[in-house]
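S.K.: What follows is a predicted structure for the sequence shown.
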Amino acid sequence: MKRRVSCMLMLAATLVSPHVFAQASAPVAASATTHPVDPDAVAALQKMGAYLQSLKRFSVTTHLTGERVLEDGQKLQHNAKAEIDVDRPNKIRADLSSARNEREIVFNGKDVTLYTPAQKYYSTVAFDGTINDLIGKLSENYGVELPLSDLFEWGTPKASTDQFESAMYAGQDYIGNTLCDHYAFRQKNIDWQVWIGAGAKPLPYKIVITRRDDDARPQSVSVLDWSTNAGFKDAEFTFRPPAGAKKIELVPVKNKG
């Protein structure tokens, strides 16, 4: 019998152990009922955002696991990886890879290039602005989403914290070798969790998103590795077409027929 895909959600990797989750579920649910929005949880998110905005030059790698849900409810997981180098305010390189495709996004403050290694197609568009400006332009004009774009919005006015239906502290866990504080939030049609480093660097080390607008509750998990002393060279923010690469036009979404 042919089964159609009803939805797909892509974001992150390494799900919570069912045993650990079961142990924590009762007190966490009670806390959410008694204190719908914990101000300390919101303050922790704001502290994380402020620290992210203070980083000028860094690298982050995320390993992603997403779910697509078949029409009969069966869930299938898919993996992807994104490697991002950043030199604020206006240089970024993102390399995305999965079994299905690869893509590179390179921005040097003067122009942005999108490249697909498998087809050897690339498109370059002149753009003068910041990384935050670029995120909006790529999404609105070309339907291209920069991976982990929230990292550039947390700690700015765009990242509102007054939309939460609930916000709670859920204890501590190790993500790799890093002890993290675990927070859970609910807003509109999603539940999401973030594990924030408990030390001097309050970075997000794991993010889990669950959709509530779908009865199947598809989930995505992202585990992040950070380098705040990145050793990359400025040359990597300038795209140089490989031999045989073909330049094509990047057509704005509004002009597509």
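M.R.: Alright, I've got the coordinates.

S.K.: make it CA atoms for all contacts and neighbour counts henceforth
M.R.: Will do.

S.K.: Tell me which residues touch the residue nearest to residue 163 when sequence neighbours are not counted, please.
M.R.: The shortest distance from residue 163 to any non-neighbouring residue, by CA to CA, 6 or more residues apart in numbering, is to residue 187 (6.2 Å). Under the criterion of CA atoms under 8 Å, 6 or more residues apart in numbering, the neighbours of residue 187 are 163, 164, 165, 166.

S.K.: Look up the pLDDT of the second one for me, please.
M.R.: Yep, that's residue 164 we're talking about. Here, the pLDDT recorded for residue 164 equals 94.

S.K.: measure the residue nearest the centre of the chain to residue 235 for me?
M.R.: Note on the chain: the residue nearest the mean C-alpha position is residue 148, at 2.8 Å, using CA atoms, centre = their mean. Note on residue 148: its distance to residue 235, by CA to CA, to the nearest Å, is 23 Å.

S.K.: Next: residue 171.
M.R.: Following CA to CA, the distance that separates residue 171 from residue 235 is 42 Å.

S.K.: higher neighbour count, the two?
M.R.: Ranked by neighbour count (other CA atoms under 10 Å), residue 171 and residue 235 place residue 171 first, with 12 against 9.

S.K.: Which strand residues bridge the closest residue to that one other than its chain neighbours?
M.R.: Closest residue to residue 171 in three dimensions, ignoring its sequence neighbours and counting by CA to CA, 6+ apart: residue 182, at 5.5 Å. Applying DSSP bridges to residue 182 gives these bridge partners: residue 195.

S.K.: Hmm, residue 170 and residue 182 touching each other?
M.R.: Yes. At 5.2 Å, residue 182 and residue 170 qualify as touching, with contact defined as CA atoms under 8 Å.

S.K.: which one of these two has more residues nearby?
M.R.: Set residue 182 next to residue 170 and count neighbours by other CA under 10 Å: residue 182 wins out with 23 against 20.

S.K.: now that one: how far from residue 172?
M.R.: With distances taken as CA to CA, residue 182 is found 6 Å from residue 172.

S.K.: got it, and residue 220?
M.R.: As judged by CA to CA, residue 220 and residue 172 stand 20 Å apart.

S.K.: how about residue 164, what does it touch?
M.R.: Contact partners of residue 164, counting by CA under 8 Å, 6+ apart, are 37, 185, 186, 187, 188.

S.K.: and it, how far is that from residue 172?
M.R.: Distance check for residue 164 against residue 172: by CA to CA, it reads 21 Å.

S.K.: doesn't residue 113 make contact with residue 239?
M.R.: Yes. With contacts counted by CA under 8 Å, residue 239 reaches residue 113, the gap being 6.9 Å.

S.K.: Give the residues shared as contacts by these two.
M.R.: Counting by CA under 8 Å, 6+ apart, the common neighbours of residue 239 and residue 113 are residue 106.

S.K.: And what about residue 122, helix, strand or coil?
M.R.: With DSSP: H, G, I helix; E, B strand; the rest coil as the basis, the three-state label of residue 122 is strand.

S.K.: Great, nothing more from me.
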